[in-house]
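Engineer: this one's sequence-less:
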DNA sequence: ATAAAACTTGACCTTATGGTAAGTTTATTT
DNA sequence: AAATAAACTTACCATAAGGTCAAGTTTTAT
């Protein structure tokens, strides 16, 4: 009956290590994060961490994968049926919410890209290309149908990505500028409103 | 007469080291970049690099300072006299041009912020807060005068920053998605046009 | 109860890296 | 030409970090 005990411990250890690793990788970068510092943060001996993950690179890969999955799930979707207004509203809200609720995931991903995506597998890149192509096509349809202003769909996607992720990646800068210590509940709503409003107007939808 | 020779060598060495260091810091992060790798890239012996800079942290500080100066100079300005339309056009163009011409500077800065601005001096942060306050006030005047749509000025600044810097920080991702190896001359113009167009419309100025 | 598997851990090894010390060469000044 | 200062270089050291090992302990299966 108690075969569960092992599984739970195993799962919990993985979880603790991944959480600690995400923290450290964001704070110190790939090379700067040490197995020891990850172990300390996870409250496990170093050798134990290396029992669960063969080496540091494997830890990093696991963190990256976790991050990509989150990106995939949380990103909502852009479907032709919704029409441009609703689709943009949904998408912006999803991205802003993700940025505020899980800034670390966004940061890991951002650092990886900035540094040249050295650890990112090819499939992940191809996948994104596909995604953008597909969504751009939907926007183009709407434009051709006169449902929205004629704007370059690919650059529009970039603008939405960048302006939403900014609140995660640059949270430190934003908080410093606003002279605050932390984000508050209302911020998500405020930023979502600002961005949807602004972007819809940019698309000629207001 | 030939006292110049030393000065030139000195200047050139500094330049080579800083360029190499910027490269390495972007590619490998602070901890990942080694004095040796910087020296190799600068084609100098390691000890010679450490003759010009006491230690790695000093190299990094120099790179960071260089980056901040560039940000300061290249950022153009937002002045009340220009009015919202011209001011935004100028500012967006300046930022986009910087992003395309000097992506590494933007990346160094982005990485520093993402990682919590651990090396950034307080004065740099306070300075930015001041800058944003000041410019936000100008936008607010324009709004109050009915010269532009009522949008939150601070978030507008964030949107302009993020959407323009994106082309520097995420150049790898963008190029992958567009299935290209490098940016081309026309890209600056195209992106500038897209962004000014979109943002002006977002501000109710089109 | 016993064996086997899964898990935990301290001690250890090797390598890479930041940095130093001390000497040598090269350019500038007098 | 000699003296001085700047620039360069070699050899070296201490430390920290990734990773292994082998000896334990605990849980599960028989």
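Structural biologist: Alright, I've got the coordinates. Because the structure is predicted, anything quoted here is derived from the model rather than measured.
Engineer: alpha carbons only for contacts and neighbour counts from here, please
Structural biologist: Noted.
Engineer: show me what contacts the most centrally placed residue in chain A?
Structural biologist: Taking C-alpha atoms, centre = their mean, the centroid of chain A lies closest to residue A:106, which sits 3.5 Å from it. Residue A:106 is in contact with A:67, A:99, A:165, A:168-169, counting by C-alpha atoms under 8 Å, 6 or more residues apart in numbering or on different chains.
Engineer: Also residue A:35?
Structural biologist: So residue A:35 contacts A:46, A:49, A:56 (C-alpha under 8 Å, 6+ apart).
Engineer: Who's the closest spatial neighbour of the last one, skipping the chain neighbours?
Structural biologist: Sequence neighbours aside, residue A:35 is the residue nearest to residue A:56 in space, at 6.5 Å (criterion: C-alpha to C-alpha, 6 or more residues apart in numbering or on different chains).
Engineer: Give me the pLDDT for that neighbour.
Structural biologist: At residue A:35, the model reports a pLDDT of 98.
Engineer: low pLDDT regions in chain A?
Structural biologist: Across chain A, the ranges flagged by pLDDT under 70 are A:1-3.
Engineer: Now the residue nearest to residue A:56: phi and psi?
Structural biologist: With angles defined as degrees, to the nearest 10, residue A:35 sits at phi -60, psi -40.
Engineer: ok, it to residue A:4 distance?
Structural biologist: Between residue A:35 and residue A:4 the distance is 28 Å, computed by C-alpha to C-alpha, to the nearest Å.
Engineer: repeat for residue A:50
Structural biologist: Taking C-alpha to C-alpha, one finds residue A:50 at 22 Å from residue A:4.
Engineer: and stretch A:19-29, anywhere near DNA strand C?
Structural biologist: No: Stretch A:19-29 does not reach DNA strand C (C-alpha under 7 Å from any atom of the strand); its nearest approach is 13.6 Å.
Engineer: right, is that stretch up against chain B?
Structural biologist: Yes: remark: stretch A:19-29 sits within contact range of chain B at A:26-29, by C-alpha under 8 Å from any C-alpha of the partner chain.
Engineer: of the contacts of residue A:35, closest to residue A:63?
Structural biologist: residue A:56 (10.7 Å; C-alpha to C-alpha).
Engineer: And the closest one, how far from DNA strand C?
Structural biologist: Applying C-alpha to the nearest atom of the strand, to the nearest Å, the value for residue A:56 to DNA strand C is 14 Å.
Engineer: Counting neighbours, what do you get for the nearest residue to residue A:159 once chain neighbours are set aside?
Structural biologist: Computed as C-alpha to C-alpha, 6+ apart, the closest residue to residue A:159 that is not its neighbour in sequence is residue B:163, at 5.3 Å. Close neighbours of residue B:163, defined as other C-alpha atoms under 10 Å in any protein chain shown, add up to 26.
Engineer: ok, now which ones touch residue B:163?
Structural biologist: A:158-159, A:162-163, B:195.
Engineer: Just send those back as CSV, with distance to DNA strand C and secondary structure too.
Structural biologist: Output for the contacts of residue B:163, formatted as CSV (distance: C-alpha to the nearest atom of the strand, whole Å; DSSP: H, G, I helix; E, B strand; the rest coil):
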residue, distance to DNA strand C, secondary structure
A:158, 35, helix
A:159, 36, helix
A:162, 32, helix
A:163, 34, helix
B:195, 40, helix
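Engineer: of those, buried ones?
Structural biologist: A:158-159, A:162-163, B:195 (16 or more other C-alpha atoms under 10 Å in any protein chain shown).
Engineer: Would you mind getting the angle between the longest helix that chain A contains and helix B:4-32?
Structural biologist: Criterion DSSP state H: the longest helix present in chain A is helix A:4-32. Between helix A:4-32 and helix B:4-32, the angle comes out at 180 degrees (axes from the mean of the first three to the mean of the last three C-alpha atoms, to 10 degrees).
Engineer: Return the list of helices and strands in contact with helix A:4-32.
Structural biologist: Judged by 3 or more C-alpha pairs under 8 Å, 6 or more residues apart in numbering or on different chains; DSSP states H and E, helix A:4-32 is in contact with helix A:35-42, helix A:56-74, helix A:103-114, helix B:4-32.
Engineer: Deepest-packed of these, please.
Structural biologist: Counting by mean count of other C-alpha atoms under 10 Å in any protein chain shown, helix A:103-114 has the highest mean neighbour count of the helices and strands packed on helix A:4-32, with a mean of 23.
Engineer: Show me how chain A divides into domains.
Structural biologist: Domain assignment for chain A by automatic domain parsing gives A:4-59, A:75-202.
Engineer: Of these, give the one that comes closest to DNA strand D.
Structural biologist: domain A:4-59 (3.3 Å; C-alpha to the nearest atom of the strand).
Engineer: Can you tell me what sits against whichever helix or strand residue A:49 is part of?
Structural biologist: In this assignment (DSSP states H and E), residue A:49 forms part of helix A:46-52. The contact list for helix A:46-52, computed with C-alpha under 8 Å, 6+ apart, reads A:14, A:17, A:35-36, A:39-40.
Engineer: State the pair within the residues you listed that is farthest apart.
Structural biologist: Longest span within the contacts of helix A:46-52, C-alpha to C-alpha: A:14 and A:36, 15.6 Å.
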